[in-house]
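Enquirer: Okay, sequence plus prediction incoming.
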Protein chains: 2
Amino acid sequence: MAQKPSIAKGTRDFTPEEVTKRNYIVNTIKKYFEVFGFLPIETPSFENSETLMGKYGDEGDRLIFKILNSGDFLSKVNDELFAKKDANILTPKISEKALRYDLTVPFARYVVMHQNEIDLPFKRYQIQPVWRADRPQKGRFREFYQCDADVVGSTSLWQEVEFVQLYDTVFNSLGLKNVTIKINNRKILSGIAEVIGAKDKLIDFTVALDKLDKIGEDGVKKEMLEKGISKEAIEKVQPLFAFDGANAEKLKSLKSLLSKSDEGTKGVEELEFILHAIDAIGLKGAVLELDVTLARGLNYYTGAIFEVAAPAEVKMGSIGGGGRYDDLTGIFGLKDVSGVGISFGLDRIYLVLEELGLFPGSVSENTKVLFLNFGDKEALYCLKAITKLREAGIKAELYPDNAKMKKQMTYANKRNVPYVVLAGSKEIDEATFTLKSMNSGTQDTVSFQKLLEAVQH
Amino acid sequence: MAQKPSIAKGTRDFTPEEVTKRNYIVNTIKKYFEVFGFLPIETPSFENSETLMGKYGDEGDRLIFKILNSGDFLSKVNDELFAKKDANILTPKISEKALRYDLTVPFARYVVMHQNEIDLPFKRYQIQPVWRADRPQKGRFREFYQCDADVVGSTSLWQEVEFVQLYDTVFNSLGLKNVTIKINNRKILSGIAEVIGAKDKLIDFTVALDKLDKIGEDGVKKEMLEKGISKEAIEKVQPLFAFDGANAEKLKSLKSLLSKSDEGTKGVEELEFILHAIDAIGLKGAVLELDVTLARGLNYYTGAIFEVAAPAEVKMGSIGGGGRYDDLTGIFGLKDVSGVGISFGLDRIYLVLEELGLFPGSVSENTKVLFLNFGDKEALYCLKAITKLREAGIKAELYPDNAKMKKQMTYANKRNVPYVVLAGSKEIDEATFTLKSMNSGTQDTVSFQKLLEAVQH
């Protein structure tokens, strides 16, 4: 009895149209990664478990897919331990490998293992799938691609400047104008924590502040008080409630707010450098916006923090993010290697382009010319012409079977083939082809040369 | 204490140079897959175990990587069963997913699950990694890419003709002339089995026959006798020992040899059709050779069998293979869907191109122009020019730090950057750039326009 096939939960098949559209995005990202001087690397899909475990917190450890050891994986497990029937204890005994959870930890491993052949600064990009045992839900998958570019081995803020340009260039090239590149700095957040007198309240603070648009100043202050932030602390950061206007004004108000915090002042200076440079060079379509509520990856980043918001008319979370982390490779024993990087959210960018109708029509164009099949003699005649078209780089196909005309035409229609060629004995005798345009419906009998010219556009 | 990082056994990191060279091969294959009318699909890295298990024989089942269920995977295992401590029994209870072992079974699943949206014939290509828990050894990895093109839903032999052309076109485009495309037909092998009177001796027979070049007719016959093939049977296939010369002669001798076997005769006719068509159209660089000892995937293929051998001067196994299988999707309940497909062996093609020095020099070219960094003012001046170069699609980079000149030049040298730009206050005042060619060593002070023209080649 044949089994009814199914697909694993949280995973996806991609149809030709979907692959083609995804590749359009990936190829655009890749092109500009390279134009900006990043080099591609690839790391294996699975790593030794100790490379990944403990790097993403407890929740991360749980979400890492573990691979069962091959062969008789129980033979080395001692009976006493086995008898405990405890999944947490048993796992490391029967599983030594795990699927990649992100591209950053494998990259850190790569840098450490290849340190003798790498010239720092090392600018690498990596576009590969990652896997997470998350509960699948709309827009969240167990297998998805990450598209990362990072520089390691340089603390220069020019990197941050270039990453802003890179975001701008890629999204502009995808036709996605008016994305907002939000920028903040971890050191500014530390400065605010100093000012409000409690590092542990920083997340509550930024979460509340982020609601300013929705619940107003009073609402935000109320929430802050409820979270245990003192009235005095809130007063000290009063300027943040009028935190509006151009980046220059925001910088000015941050400067005075954080004047007594060395770290905060450092963060403002770093931000200022980046904003000034971008002002001087200009952006093509994106808006760079200082957003002091931006706090992603708080424990991870140490300097600049980036997040990209889709154009306002699309309801969508962030379509990219990144930042600077001062110690990428320390976990693997290589100290003092600073890194900064950004990531593009492929799945969400896809949804945004789809919603805004921004995929070019040519993206899903496949076969340009279909030659109908009227029998072996005719097929051979056609295949000779097809061979020459293909040499000219034109996507051409022979309908493989001498099927009914209607069936062959249906195939052409369903595949959206713009040109169909018919060649019977009359055409063979005259060394011609009957070329039918599926768009206009017109039909002409032409030489091969004319055929080539007609379909070459 | 930081851990010393390692990479999982049988897996590989790919350096920028390796990725770039691999992409050169993959992009060439992809280009011609598309020119020949194949559409891309992608399937998930892991499948439900029942989709994969039992499809590749016992050995295959053992080599499939199983993924441990997430969470408390032992809670649903009953105590009695658990107490048996038997890996074979426990595996299906604690693992429901497995990593893709090849691209063919997932493709069959895809066709069945998407049958309502697919128009047959369906020409798909798929280039993705697969995983096998093989013992790693030289040239054999636990993660490697397959590059497959298949057509399902047509029994037309024109497909086989086009696959021969596709192999020829791709290898020719890679500069790999003189590959040999070996072709045989499963039905011819069945015919021979009929003639020698024993299906179960067919593999022994073809293995022995394959040694004709090395051990001569007497040696081969001796081996056949040892394997239990009768003297009478060997006499009946005597023509195979003089099986030389052009394909036409071989066809003629096969025709008479297999005249009494219907299946064998059918196989000869199919081969004849393909060989004649290819004769009429011609090949660019490859040689198509009828090889009656070709028996790959004996239990799998039902019609044509292909295998591609690298040019004779390179010692290397096959660099591609494929064939026709009459019932691809039957395992998942969709009957009578014939398929035919070929595969390119990426890793081996890489080694062959490397050995023959066939990677174009431009393949590993990365950054075209490096701008040295003499301070923030100079860097901003440079980054404006870099931004314009990048808009013209030129790979340009700013050295991120104001480091010692020697360090920056070393970076340029190690990265093989052909042009270096120096811009200090003099250049800024004059709105010029000093352009140094790293190949010739010459140095000129030029306008941006001249700079652009110089590096654009």
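Expert: Happy to help now that I have it.
Enquirer: Does anything pack onto the helix or strand of chain A with the lowest mean pLDDT? Which helices or strands?
Expert: Here the helix or strand of chain A ranked lowest by mean pLDDT, DSSP states H and E is helix A:202-209, holding a mean of 82. In terms of contacts (3 or more CB pairs under 8 Å, 6 or more residues apart in numbering or on different chains; DSSP states H and E), helix A:202-209 is packed against helix A:186-196, helix A:212-226. Heads up, the C-betas are built off the backbone N, CA and C, glycines and all.
Enquirer: closest one to chain B among these?
Expert: helix A:186-196 (19.4 Å; CB to the nearest CB).
Enquirer: Name the stretch among the helices and strands packed on helix A:202-209 that sits most buried.
Expert: helix A:186-196 (a mean of 23; mean count of other CB atoms under 10 Å in any protein chain shown).
Enquirer: Regarding A:Ser343, what is its secondary structure?
Expert: Classification of A:Ser343 using DSSP: H, G, I helix; E, B strand; the rest coil returns strand.
Enquirer: I'd like the distance between it and chain B.
Expert: Noted for A:Ser343: a distance of 18 Å to chain B, by CB to the nearest CB, to the nearest Å.
Enquirer: and that residue, what does it touch?
Expert: With contact set as CB atoms under 8 Å, 6 or more residues apart in numbering or on different chains, A:Ser343 has these partners: A:146-149, A:320-322.
Enquirer: what do you get if the cut-off is 7 Å, keeping everything else the same?
Expert: A:146-148, A:320-322 (CB atoms under 7 Å, 6 or more residues apart in numbering or on different chains).
Enquirer: Tabulate the helices and strands packed on helix A:202-209 (JSON lines), appending distance to chain B.
Expert: Shown next, in JSON lines, are these (distance: least, CB to the nearest CB, whole Å):
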{"stretch": "helix A:186-196", "distance to chain B": "19"}
{"stretch": "helix A:212-226", "distance to chain B": "33"}
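Enquirer: Take those helices and write them to JSON lines, including mean pLDDT.
Expert: Output for the helices and strands packed on helix A:202-209, formatted as JSON lines (pLDDT from 0 to 100):
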{"stretch": "helix A:186-196", "mean pLDDT": "89"}
{"stretch": "helix A:212-226", "mean pLDDT": "88"}
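Enquirer: who wins for proximity to A:Tyr419 among those?
Expert: A:Tyr419 lies closest to helix A:212-226 among the helices and strands packed on helix A:202-209, at 53.5 Å (CB to CB).
Enquirer: average pLDDT across the following helix or strand past the closest one?
Expert: Next helix or strand after helix A:212-226 toward the C-terminus (DSSP states H and E): helix A:231-236. What helix A:231-236 shows for mean pLDDT is 88.
Enquirer: just checking, what packs against helix A:231-236?
Expert: helix A:186-196, helix A:212-226 (3 or more CB pairs under 7 Å, 6 or more residues apart in numbering or on different chains; DSSP states H and E).
Enquirer: Surely A:Val292 and A:Ile188 touch.
Expert: Yes - counting by CB atoms under 7 Å, A:Val292 does reach A:Ile188; the two are 6.5 Å apart.
Enquirer: How much space separates the residue of the stretch 201-350 of chain A found nearest chain B from A:Lys214?
Expert: Closest approach between the stretch 201-350 of chain A and chain B, counting by CB to the nearest CB: A:Gly333, at 3.6 Å. Distance, A:Gly333 to A:Lys214, using CB to CB, to the nearest Å: 46 Å.
Enquirer: try A:Glu162
Expert: Distance from A:Glu162 to A:Lys214, by CB to CB: 34 Å.
Enquirer: And A:Arg140, by the same measure?
Expert: 25 Å.
Enquirer: Over to A:Phe359?
Expert: In this view, A:Phe359 and A:Lys214 are 33 Å apart by CB to CB.
Enquirer: what's the answer for A:Gln443, then?
Expert: 62 Å.
Enquirer: Ok, A:Glu194 next?
Expert: Distance, A:Glu194 to A:Lys214, using CB to CB: 27 Å.
Enquirer: count of neighbours near A:Glu354?
Expert: The tally of other residues near A:Glu354 (other CB atoms under 10 Å in any protein chain shown) stands at 11.
Enquirer: buried ones in the helix or strand in which it is found?
Expert: Following DSSP H and E, the helix or strand that holds A:Glu354 is helix A:346-355. Across helix A:346-355, burial judged by 16 or more other CB atoms under 10 Å in any protein chain shown covers A:346-353.
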